[in-house]
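Student: here's my sequence, what's the structure:
(chains A, B, C and D)
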There are 2 protein chains.
Amino acid sequence: MAADTNSIDKRTPVTRRRDKDKTIAALKRAARQQLILEGGTGLSIQPILNMAGVSRGALFHHFPTKNHLIAAAFFDLMDDMAERLGALGEALREGSIGRSDFVERVRDAYCSDIFVGSMDIAVKTRAEPELRALVDEGVDDWYVVLAAFWQDTFELPGFGGAEADQHWVMASNLLRGHAFASIYRSTPEIRRAFCASFEEMILAQAVIKPLSPQNG
Amino acid sequence: MAADTNSIDKRTPVTRRRDKDKTIAALKRAARQQLILEGGTGLSIQPILNMAGVSRGALFHHFPTKNHLIAAAFFDLMDDMAERLGALGEALREGSIGRSDFVERVRDAYCSDIFVGSMDIAVKTRAEPELRALVDEGVDDWYVVLAAFWQDTFELPGFGGAEADQHWVMASNLLRGHAFASIYRSTPEIRRAFCASFEEMILAQAVIKPLSPQNG
DNA sequence: TACAAGATACCGACTAGTTGGTATGTAAGA
DNA sequence: TCTTACATACCAACTAGTCGGTATCTTGTA
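Tutor: Numbering: from 1, shown residues only, chains lettered A, B, ... in the order given. As a prediction, the model looks like this:
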């Protein structure tokens, strides 16, 4: 009935991006952003789509479920975090920053949106097995990267291998715990006190590994 | 139309509890349970009502919003946690448990559902100002309780007041960080290693305060 | 170079279900 | 009879995910 007139005149052809990589990147970036802004609880699809400027169809074309997107965003977060720490380690080893600067910046990295956002996901996985299954592997990787970061940056003279490992595990525990507390309360004094204590408790016995071995 | 026949015959008068305190307690208990089971994300009203055996109307009669209930449940969790720690402190001081036992049990308390559940809420508040406003005060209290717990249990000879405070803050950071990591991975070895390290890093310089001063 | 055929990227209306919260009514106790 | 403590039906907003269809790119053929 009324076929011709009914044929919708809103034929706005809609230019499409048609760039897989960019679309996926935009989705992941938006998911990260939303995760940081809204936390794990309020992380829903529509705002991500709006922020990314991508349609629902495109999202589900590239990711089978929302959780797959979240997991992908999570991996990106962890990669960023690893990169950030790695750069700090190098800076310390090449001498462009000092010990205290190093500690402060590592602390800041842990208390940053990047890491706190990842905590959101970590907590989320506790009750969501599907998300957890997707993320699990990445967490394993993260702990490996983390251990390597400390071991590459510092020597612990007189420590056995397992002993040293455990030392850095405790360092990570301190940073994690402090970062978590910082969600609630973070003042310059707390920050300063933490960094001082951390240096004393963790790095007192540690020797910085020189960056270029042939230079030592 | 058909007024009489339409008048639903499922007039089961439904016996009512009519016990304010019990109803509220049931709601809070159910909320706690759901929080532990489902985490902050999946924490919705209907399952809480089912578990508590309470109607929607009753919930919103006693709590203006869902967040008020969550906050109340959160406070209960923290109270339990405080009580649990307090008991451990006393047990140590009266000599019924040893140092290592004490450390293990404090660790276990932190890694228990109680504390991990509270972490869920803590993370949730990051992006939910309304919930945060309700919970904030309780968190302040918690930190006070926590500080008191350590100070009441141990003496730190040679430490200044601020120095001692900071020492216990770091102890809490360690426990928090470890508890958080335990969401993902928790093995007997990790537990043992943590407890050993904790005792060494935190309690090496600490002296247990005797329980009854007139006995010292 | 031209054009057809097929694959891939994408769009947005729609569905089925859930959410927190409310309006209205009713039973119990003072 | 009046208040408090509850119960139930309902609502608007939002949820993740699907589906039919469309735009664009790629590749094979002439």
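Student: tell me the centre residue of chain A?
Tutor: Centroid-nearest residue in chain A, with Cα atoms, centre = their mean: A:Leu77, separated by 2.9 Å.
Student: may I see the buried residues of the helix or strand containing it?
Tutor: Element membership of A:Leu77, judged by DSSP states H and E, is helix A:66-93. Within helix A:66-93, the residues scored as buried using 16 or more other Cβ atoms under 10 Å in any protein chain shown are A:66-78, A:80-82, A:84-85, A:88-89, A:91-93. C-beta: built from backbone N, CA, C; applies to glycine.
Student: of those residues, list those near DNA strand D.
Tutor: The subset of those within reach of DNA strand D, by Cβ under 7 Å from any atom of the strand, is A:Lys66, A:Asn67.
Student: could I get the full set of helices for chain A?
Tutor: For chain A, helices defined by DSSP state H occupy the ranges A:3-6, A:20-38, A:45-52, A:56-62, A:66-93, A:99-111, A:113-127, A:129-153, A:161-182, A:188-198.
Student: how about JSON lines for the ones you listed, with distance to B:Arg99 and mean pLDDT added?
Tutor: Listed next are the helices of chain A as JSON lines, based on distance: least, Cβ to Cβ, whole Å; pLDDT from 0 to 100:
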{"stretch": "helix A:3-6", "distance to B:Arg99": "83", "mean pLDDT": "32"}
{"stretch": "helix A:20-38", "distance to B:Arg99": "41", "mean pLDDT": "94"}
{"stretch": "helix A:45-52", "distance to B:Arg99": "50", "mean pLDDT": "95"}
{"stretch": "helix A:56-62", "distance to B:Arg99": "54", "mean pLDDT": "96"}
{"stretch": "helix A:66-93", "distance to B:Arg99": "34", "mean pLDDT": "97"}
{"stretch": "helix A:99-111", "distance to B:Arg99": "30", "mean pLDDT": "98"}
{"stretch": "helix A:113-127", "distance to B:Arg99": "31", "mean pLDDT": "91"}
{"stretch": "helix A:129-153", "distance to B:Arg99": "28", "mean pLDDT": "95"}
{"stretch": "helix A:161-182", "distance to B:Arg99": "18", "mean pLDDT": "97"}
{"stretch": "helix A:188-198", "distance to B:Arg99": "22", "mean pLDDT": "98"}
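Student: minimum distance to DNA strand C: which of these has it?
Tutor: Closest to DNA strand C of the helices of chain A, according to Cβ to the nearest atom of the strand: helix A:56-62, at 1.9 Å.
Student: contact partners of that closest one?
Tutor: A:Lys20, A:Thr23, A:Ile24, A:Leu27, A:Ile45, A:Ile48, A:Leu49, A:Leu69 (Cβ atoms under 8 Å, 6 or more residues apart in numbering or on different chains).
Student: farthest-separated two in the residues you listed?
Tutor: A:Lys20 and A:Ile45 (19.1 Å; Cβ to Cβ).
Student: out of these two, which sits in the busier spot?
Tutor: A:Ile45 (14 against 11; other Cβ atoms under 10 Å in any protein chain shown).
Student: show me the contacts for the closest residue in space to A:Val106 that isn't next to it in sequence.
Tutor: Excluding the flanking residues, the one nearest A:Val106 by Cβ to Cβ, 6 or more residues apart in numbering or on different chains is A:Leu88, at 5.8 Å. In this structure, A:Leu88 makes contact with A:Ile97, A:Phe102, A:Arg105, A:Val106, A:Ala109, judged by Cβ under 8 Å, 6+ apart.
Student: the fourth one against A:Leu174, yeah?
Tutor: No. Because the distance of 10.5 Å does not satisfy Cβ atoms under 8 Å, A:Val106 is recorded as not touching A:Leu174.
Student: neighbour count for the two, which is higher?
Tutor: More neighbours surround A:Leu174 than the other of A:Val106 and A:Leu174, with 25 against 22 (other Cβ under 10 Å).
Student: roughly how far apart are that one and A:Ile24?
Tutor: Using Cβ to Cβ, to the nearest Å, A:Leu174 is found at 36 Å from A:Ile24.
Student: can you tell me which residues in chain A are near chain B?
Tutor: A:37-42, A:116, A:119-120, A:122-128, A:136, A:139, A:143, A:166-167, A:169-170, A:172-178, A:180-181, A:183-185, A:193-194, A:197-198, A:201 (Cβ under 8 Å from any Cβ of the partner chain).
Student: now with 6 Å?
Tutor: Within chain A, the positions adjacent to chain B are A:38-42, A:120, A:123-124, A:126-127, A:139, A:166, A:170, A:173-174, A:176-178, A:180, A:183-184, A:193, A:197 by Cβ under 6 Å from any Cβ of the partner chain.
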